[in-house]
Each structure stands twice: as structure tokens, then as C-alpha cells.
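[1] predicted model and sequence follow; I will ask about them next.
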Amino acid sequence: MKNIAILGSTGSIGTQALEVVRANPQLYVLDALTAQNNAKLLIEQALEFKPSLVVIGDESKHQEVKSALPNCKVLCGDEALVTAVTLPQTQMVLTAVVGFSGLIPTIEAIKAKKNIALANKETLVVAGELVMNLAKEHGVKIIPVDSEHSAIFQCLVGEENNPIEKIYLTASGGPFRGRNLEFLKNVTKTEALKHPNWVMGAKITIDSATLMNKGLEVIEAKWLFGLEAHQIDVIVHPQSIIHSIVQFKDGSMKAQMGVPDMKLPIHYALAYPQRIETNFERFDFLKYPEMTFSKPDTTCFRNLNIAFEAMKKGGNTPCIINAANEIAVAAFLKDEVGFLQMSNIIEQCVTEISFIEKPSLNNYLETDKHTRILAEKLIKNI
Ligand code: NDP
Ligand code: MG
């Protein structure tokens, strides 16, 4: 039995993780579940899975959750997430919250020596060096849930002494693959929220449409696998069957494949190093007689290059692009900015926020705060 805490249990990854737990009651015990606003679903989940602790971010919903769960400890607010990741019996924390909010609880979980199943890529984008160093110091494993990084992680099993020459992160290209700038100027959030291959939370779905998701994943890969910029390439593969590829120094390549289903990498991360039997759909070659590959269009989808440049510049730059992007995406979802304007906001924040070469945790928190204020201001002036 493995004791698990899930941060963000009401989200896309969180609910799929609970499906995995539901199908394997002999393997997992849930210690803690957390949500930000969705009290109704959180209560349902807690009644089914009976965790010892439940956290609701929104303080106005604290009483509602408490009354519905008299046999469970119920806390509220951001600081309660730290309690949720540091329960003594917990062995693994699945970080499935969205955005910068994952950083502090992940750091606290690592300090409490909990292994991390990492869905929240923004944690590594913002503070990858600091987080990976902490994990090393505390002997904690970080097992990626992001499908591309899970693929690379799986390709590296048994290759501990063989350095990576290069990795290829595959990208579906999103709903606007092949479209030109004229078209992109006027796309709506409804169109952008229709991802061809994956059903995900709103923020990552917009990130997929702008290719920022792939940019964030490039930075995530750098830290997870200790790579330099020239060792990371992105290739568009619209079928999303090959989840990513590792190339070794003999020129040999290993790829991990499967039908696009996030439950697979979630399963792998929770059960690692074992593989658990599933009845998930099996891949049928004849349904995919063609697998295609092409270069990402970085003229129309500038965010991928913005992220590459931020990674090369280092310091607090990835933290700036992450915060600016979170604000820009939220504004796009409220129809306050156009699709192409999101990249302008991010670029302007990189220009205007002070660069810090070797940021401390406090520097990251400050950078995030100042960037959000600036991005909001830029949006108001549009
Ligand atoms: P969702 O938006 O579906 O879910 C986010 C979860 O986090 C919800 O439980 C939400 O609670 C909670 N939450 C939202 N804001 C906060 C906050 N400020 N503080 C604490 N909790 C919060 O996101 P996804 O599940 O799609 O994504 C989660 C993470 O996993 C992201 O970092 C994403 O990049 C990554 N990921 C997701 C994939 C996917 O297929 N969805 C694939 C690969 C990576 P509530 O429901 O109450 O709002
Ligand atoms: Mg991914």
C-alpha cells in the first residue's frame, strides 16, 4: 500500500488520478485531497476516498466543506497545502494544482522527504534548479506525470550510465496547427479550448494552443534530465502516439508510445518502479497507418521561442515568462486580450522586470508578484 496526497484533486489530472486509485484500492491509501473552489466535488471525493485531511483554498467555502465532512479534518487557505503534503504517513505527493501555486507545497513536500509525482510543470519552470537541488539533498524522487517527460523517464530506465545526446519532445501542434497570423488574430477562447487529442484544464489547453505548453515543457525537461538547450528539440507529431524520444551517443533512439491517455503516465508515476495491469485501450497500428512529423511554426506561435530564450538566459527569466503567461492566459479566457497579444505581454514583462542571475526563493516570489502586477497593467492599457 502506498500513502498518497493529491494536490488539486478536483482538476483534470486530479480526477484521473482518483480513477486510477479507484481501480486499485489494494495499492493506494489517500491521506489528503485539496481543491481551490470546487467544494461540491471535493466533498464527494472525500466521502468516497475518506482521506484524513481535506483542504479547500477558498476560505468562504470552509464552513460548507466542514459541515459536510464531520469525520475528516478540514482546513482552508494556501498554508493548509503545506499541512496536506507533510502528513507523517504520506509517502508520495501528486502535485496536480495549476500554475505557480504548486511551488511552495512542492518544496515543503520535498523537505518532508515525500516523493513527488509531478504534474505541476510550472514548479520546475519557475525554480527548477532550486527544486532539483533540494530533491537531491533530501533523497527525494521526482517522477514526471507530464506525458512527454514520463516518456523520456521511461526511455531512460536501464540507461543510467549512458548519457543522453538529445531528446525530442513531441507536440500535437494544438487546435491551430497550420493556421496563419491573420487567422490567429481573431480566434476565440472557445476555439482555443478545443484541443484535438487531450481533454485538460483550461490553462494548459490555452498553453497548448499557443505552444507555450511546449515551451514550459522544454524548461521542465532541462531540469528533470539535466540537459542543455542544444540537447532539446521539439517536433510536431499531430497524432500524439509517440510521447517523446531519447537519442543516445551511438545514434540509437528510444521512443515511448501509446494512445493519448493521461491515466497512463499517472499510473506509471504512482506505481513506479512497477507497472500495474490496466484494461485501458490498446494501441492499434491499423487505426494509425500514418504517423507524421514536422517543424513547429515559431513565427505564428512565438511562445515556444520565448521560452527557449528564457531558458538560455536563465536566472529569474523563466519565472517572469511563467507569471506573465498565467496572467495573459487568464485575460484571454475573459476575452480581455487577443490570442496573439498574449506573446506581446510576456515579451514586454521580460524586458521590463529586473533580471536576477542567481535568484533565491524569495527572489522568485518577488519576481512572480511584480510580473503579475506589470502584466495586469499592460492588459488594462491594451
Ligand atoms: P485543472 O485546472 O483541471 O485543475 C487544477 C486543480 O488545482 C484543481 O483541483 C483546482 O481546484 C486546483 N487549483 C486551482 N488554482 C489553485 C490555486 N491557486 N491553489 C491551489 N489549488 C488550485 O488543471 P489540470 O489538471 O489540467 O493541470 C494541473 C497541472 O498538471 C498543471 O500544472 C498542468 O500544466 C499539468 N498537466 C496537466 C495535464 C492534463 O492533461 N490536464 C497534462 C500534463 C501536465 P478547483 O477545481 O477547485 O478550481
Ligand atoms: Mg505534456
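    Ah, there it is. Residues are numbered from 1 along each chain as shown. Ligands and ions are numbered 1, 2, ... in the order given.

[2] all strands of the stretch 201-350 of the chain, in order?
    Assigned by DSSP state E, counting those that start in this stretch, the stretch 201-350 of the chain shows strands spanning 232-236, 242-248, 253-257.

[3] check which residues of the first one are buried.
    Residues of strand 232-236 classed as buried: Ile232, Val234, Val236 (neighbour count, 16 or more other CB atoms under 10 Å). Quick note: C-beta positions are derived from backbone N, CA and C, even for glycine.

[4] not counting sequence-adjacent ones, nearest residue to the residue of the stretch 251-382 of the chain found nearest ligand 1?
    Ligand 1 sits closest to Met262 of the stretch 251-382 of the chain, with a gap of 4.4 Å, by CB to the nearest ligand atom. Nearest residue to Met262, sequence neighbours excluded (CB to CB, 6 or more residues apart in numbering): Gln16, at 5.3 Å.

[5] repeat for Leu33
    Nearest residue to Leu33, sequence neighbours excluded (CB to CB, 6+ apart): Ser9, at 4.1 Å.

[6] tally of neighbours for that neighbour?
    Residues near Ser9, counting by other CB atoms under 10 Å, number 29.

[7] who touches the strand or helix carrying Glu165?
    Element membership for Glu165, per DSSP states H and E: strand 164-171. Applying CB atoms under 8 Å, 6 or more residues apart in numbering, the contact partners of strand 164-171 are 148, 152, 156, 211, 214, 217-218, 221, 225, 227, 231-237, 240, 242-249, 251, 296.

[8] so what's the residue nearest to Leu33 up against?
    Applying CB under 8 Å, 6+ apart, the residues contacting Ser9 are Thr15, Ala17, Leu18, Leu33, Thr34, Ala35, Leu42, Gln45, Ala96.

[9] helix, strand or coil for the fourth one?
    Spelled out, it's Leu33. Under the three-state scheme (DSSP: H, G, I helix; E, B strand; the rest coil), Leu33 adopts strand.

[10] for the first one, same thing?
    Look at Thr15: counting by three-state DSSP, its state is helix.

[11] dump the residue contacts of it.
    Thr15 makes contacts with Ser9, Leu41, as judged by CB under 8 Å, 6+ apart.

[12] run a quick neighbour tally on the residue of the chain found nearest ligand 1.
    At 1.9 Å from ligand 1, Gly11 is the closest residue in the chain, using CB to the nearest ligand atom. Counted with other CB under 10 Å, residues neighbouring Gly11 total 24.

[13] again, but for Thr292
    Number of residues near Thr292 (other CB under 10 Å) recorded here: 8.

[14] if I look at it, how far off is Ser172?
    According to CB to CB, to the nearest Å, Thr292 and Ser172 sit 11 Å apart.

[15] buried residues in stretch 238-252, which are they?
    Neighbour-count burial for stretch 238-252, counted by 16+ other CB under 10 Å, picks out Pro238, Gln239, Ser240, Ile241, Ile242, His243, Ser244, Ile245, Val246, Gln247, Phe248.

[16] which residue packs closest to the residue in the chain positioned nearest to ligand 2, ignoring adjacent ones?
    The chain approaches ligand 2 most closely through Asp146 (4.2 Å), counting by CB to the ion. What sits nearest to Asp146 in space, not counting adjacent residues and going by CB to CB, 6+ apart, is Lys121, at 5.6 Å.

[17] can you pull out the helices in the stretch 251-382 of the chain?
    Remark: helices assigned in the stretch 251-382 of the chain by DSSP state H, counting those that start in this stretch are 263-271, 303-313, 317-333, 341-352, 361-380.
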